[in-house]
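Participant: mind folding the following:
(one chain, ligands or ions: 1)
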Amino acid sequence: MPHAIKDHQADPCILVIFGGSGDLAKRKLIPALYNLSLDGMLPSNFAVLGLGRRNLNDGEFRESAREGIAKYSRQPLVDRKWADFEKHLFYLAGSIDDSASYEAIKNRIERIETEQHLPGNRIFYLAVPPTSFAAACEGLQQAGLVSPPDHVHPFSRVIVEKPIGRDLKSAQEINAVIGRVFDESQIFRIDHYLGKETVQNIMVLRFANSILEPLWNHKYIDHVQITVSEAEGVGTRATYYEETGALRDMVQNHLLQLLCLVAMEPPYSLDADVVRNARIDVLRCLRPITGKDVNQFTVRAQYSPGIVDGVEVPGYRREPGIRPDSTTETYVALKLFLDNWRWAGVPFYLRTGKAMAKRASEVAVQFKDIPQILFNANPASPQPPNVLALRIQPEEGMSLRMISKVPGTKAQTHPVELNFKYGDAFGSPSPEAYERLLLDVMAGDASLFMRRDAVEASWAWITPILEGWQTHGTKWLPEYPAGSWGPVEADRLIQNDGRMWRML
Ligand code: BG6
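Facilitator: As a prediction, this is how the structure comes out:
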């Protein structure tokens, strides 16, 4: 019998998606809602209103939603279930940057609320570029669509998608724009990595098992590696990616959040702010990497032509829409330290890249070597250390490398893996990150969302690296062939310390 930690009860509400005809809505949000409805997690009175420039009517929006579900949903499209679900979907065409649109938005929301017997709870999902945030927030406020924070019912909440800024200053500006209209308690900033099942499990693993916590510190851990490698290249997102690069796109948010979960102190409760305080403490003790130090502690690189999954990939600078002299990094590796008691002197190695050998993400905790006596007496062939690897994707699970005796009369040892796979243990596939996150917003649980101070703390650490690259970096970036595990410079970053990247 599973042990319930927290109950999530979604309240009846309308979800208004700004960017309703866009990619995110079609690929992620609508399929996530459909899955929640299949699993019986949505309240019976519930509505989605898509807002977008494309001139669609409700029927056309539903058709596009249906296509999205057929293609991207975790669970298959079932006609009978779809027929129930589609009745909750609505669409309104218009420009959200134009303040004149908000009267029509208000009328439509109110009409849907009356027809669907909704109590006036509203969730606004800003799946649009940050340049539209100000117009959206102000438009909503002026139309009287935002209830004050102390109104528990009906509530108004806003969901904000990345990118939240491109450096500390722009992040602060975006936060200020949203903060003028919504109270922090109403703002849900998404980092979809926090919604991934295995990422949520890091806390459970650490704090629900008594054998790990005593070892989880500088006395027993040699180092930690965090890898998020992607096989896909820049794809169709050239314009966005050229301005972003791997450090902003992946490290500032996803990898630093993984780091927080691995390194945080035990929170004293599961209350959203208690958990978020514990996470942000990690960001606060990140040792800064500034000035020339960027060349010692970071490596950035671009993919050159190569083969990924048997398919030829052009070099990054030859991809459609990319400048031939682009210096945007598609790969980054970092070595960092946390200046606190638990992690004193323990290096954390982070790496992420596009067009790499395969899609694989994991957190690997490598324990210290055993003493050089008994089974480790021969310095010429040291025993491999114990490694606990938490696999985030694609095959979610974890493994522990132990040393075992090889059966037989000879005294031989060999590493073995104790392996746990989610799929095998629990049978059912894990929900998508967006399913969990949307449900949490409807239930008002902000633990898996980024608080303003966390976003800014993470930019405060990232921005000097960006500046260091500008001032002290080389013009041309190192390259790695598409389909490889990254540049030799990244190998050197870790090998100089007598360590190696893990083969995934
Ligand atoms: C997004 C980045 O936040 O995360 C993308 O913008 C990246 O560039 C994606 O591909 C990776 O997410 P996932 O869930 O596929 O690992």
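Participant: and residue 43, how many residues sit next to it?
Facilitator: Look at residue 43: counted by other CB atoms under 10 Å, it has 14 neighbours. No exception for glycine: its C-beta is placed from N, CA and C like everyone else's.
Participant: what does residue 103 give?
Facilitator: 12.
Participant: mind checking pLDDT for it?
Facilitator: The model reports residue 103 with a pLDDT of 96.
Participant: from residue 338, how far off is residue 95?
Facilitator: From residue 95 across to residue 338, the span is 46 Å (CB to CB, to the nearest Å).
Participant: oh, I was asking about residue 195
Facilitator: 24 Å.
Participant: residue 477 too?
Facilitator: 27 Å.
Participant: what do you get for residue 223?
Facilitator: For residue 223 relative to residue 338 (CB to CB), the value is 12 Å.
Participant: and the two? which has more neighbours close in?
Facilitator: The neighbour count for residue 223 versus residue 338, taken as other CB under 10 Å, is higher for residue 338 (23 against 19).
Participant: and the closest residue to the more buried one other than its chain neighbours, how many neighbours does it have?
Facilitator: Sequence neighbours aside, residue 285 is the residue nearest to residue 338 in space, at 5.1 Å (criterion: CB to CB, 6 or more residues apart in numbering). Residue 285 has 14 neighbouring residues, counting by other CB under 10 Å.
Participant: correct me, but residue 285 touches residue 336?
Facilitator: No - Residue 285 sits out of contact with residue 336 when judged by CB atoms under 8 Å, with a separation of 10.6 Å.
Participant: quick one: residues contacting residue 165.
Facilitator: Applying CB atoms under 8 Å, 6 or more residues apart in numbering to residue 165 gives the contacts 130, 171-174, 455, 459.
Participant: now residue 481: how far from residue 103?
Facilitator: Note on residue 481: its distance to residue 103, by CB to CB, is 55 Å.
Participant: equivalent analysis for residue 51, please.
Facilitator: Taken as CB to CB, the span from residue 51 to residue 103 is 13 Å.
Participant: again with residue 10
Facilitator: 29 Å.
Participant: same check on residue 241?
Facilitator: 37 Å.
Participant: again, but for residue 249
Facilitator: Distance from residue 249 to residue 103, by CB to CB: 37 Å.
Participant: try residue 297
Facilitator: Distance from residue 297 to residue 103, by CB to CB: 53 Å.
Participant: contacts for stretch 385-395, please.
Facilitator: 193, 196, 198-199, 201-202, 205, 212, 222, 228, 258, 359-370, 397-403, 421, 423, 502.
Participant: buried members of the residues you listed into ChimeraX, please.
Facilitator: Buried members of the contacts of stretch 385-395, defined by 16 or more other CB atoms under 10 Å, are picked up in ChimeraX with:
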select :193,196,198,199,201,202,205,222,228,258,360,361,362,363,364,365,366,367,397,398,399,401,502
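Participant: among the contacts of stretch 385-395, which lie within strands?
Facilitator: Of the positions in the contacts of stretch 385-395, 222, 228, 360-367, 397-403, 421 sit in strands, assigned by DSSP state E.
Participant: so where do the strands sit in the stretch 401-504 of the chain?
Facilitator: Under the criterion DSSP state E, counting those that start in this stretch, the stretch 401-504 of the chain contains strands at 413-421, 479-481.
Participant: so which of those is the most packed in?
Facilitator: When these are scored by mean count of other CB atoms under 10 Å, the highest mean neighbour count falls to strand 479-481 (a mean of 22).
Participant: buried residues in stretch 70-86, which are they?
Facilitator: 73-74, 77, 82, 85-86.
Participant: and for stretch 369-379?
Facilitator: residue 376.
Participant: where does pLDDT dip in the stretch 351-500 of the chain?
Facilitator: Within the stretch 351-500 of the chain, not a single segment meets pLDDT under 70.
Participant: quick one: the helices in it, in order.
Facilitator: 422-426, 433-443, 452-472, 488-495 (DSSP state H, counting those that start in this stretch).
Participant: which among those is found nearest to residue 108?
Facilitator: Residue 108 sits nearest to helix 433-443 of all those, at 20.2 Å, using CB to CB.
Participant: ok now the closest one, how far from the chain's centre?
Facilitator: 14 Å (CA atoms, centre = their mean, to the nearest Å).
Participant: one more: stretch 340-356?
Facilitator: 16 Å.
Participant: can you pull the buried residues of that stretch?
Facilitator: 342-343, 346-356.
Participant: need the max-distance pair from these.
Facilitator: For the buried residues of stretch 340-356, and using CB to CB, no pair is farther apart than 342 and 355, which are 35.7 Å apart.
Participant: surely residue 439 is in contact with residue 8?
Facilitator: Yes - judged on CB under 8 Å, residue 439 makes contact with residue 8 at a distance of 5.4 Å.
Participant: what do these two both touch?
Facilitator: When contacts are counted by CB under 8 Å, 6+ apart, residue 439 and residue 8 are jointly contacted by residue 41.
Participant: neighbour count: these two, which is higher?
Facilitator: residue 439 (21 against 12).
Participant: could you pull out the buried residues of stretch 306-313?
Facilitator: For stretch 306-313, by 16+ other CB under 10 Å, it's 306, 308, 313.
Participant: can you give me the helices in the stretch 151-300 of the chain?
Facilitator: In the stretch 151-300 of the chain, helices defined by DSSP H, counting those that start in this stretch lie at 168-179, 197-207, 238-242, 245-246, 256-263, 272-284, 293-297, listed in chain order.
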